[in-house]
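Student: Pasting a predicted model and its sequence here:
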Amino acid sequence: MSKIIKILDSTSLKLKELMNVLDAAGCSDEEKIKARKIFKIYLDGKAEINK
């Protein structure tokens, strides 16, 4: 069970880092929301990488 918590904490930390970077880059709120959704999909493994 502790491994699951660590993964969730890691995901949360990565999302916070992403939001900080987007804020520093001057992105609009709409761009931040889109980036957050895309990043969450990527972290959840729902996206397939096309080569």
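Tutor: Cool, got the structure.

Student: Contacts only, for K14.
Tutor: If you count contacts by CB atoms under 8 Å, 6 or more residues apart in numbering, K14 has them with 39, 43. Backbone N, C-alpha and C define where each C-beta goes, glycine included.

Student: Quick check: the gap between it and C27.
Tutor: As judged by CB to CB, to the nearest Å, K14 and C27 stand 17 Å apart.

Student: which SSE is R36 in?
Tutor: In the assignment (DSSP states H and E), R36 maps to helix 29-44.

Student: Run a quick neighbour tally on the residue nearest to D23 when sequence neighbours are not counted.
Tutor: With CB to CB, 6 or more residues apart in numbering as the measure, K32 is the residue that lies nearest to D23, at 7.5 Å, once sequence neighbours are left out. Neighbouring residues of K32 were enumerated by other CB atoms under 10 Å; the total is 15.

Student: Pretty sure K32 sits against L22.
Tutor: Yes. Here K32 reaches L22: they are 5.0 Å apart, a contact under CB atoms under 8 Å.
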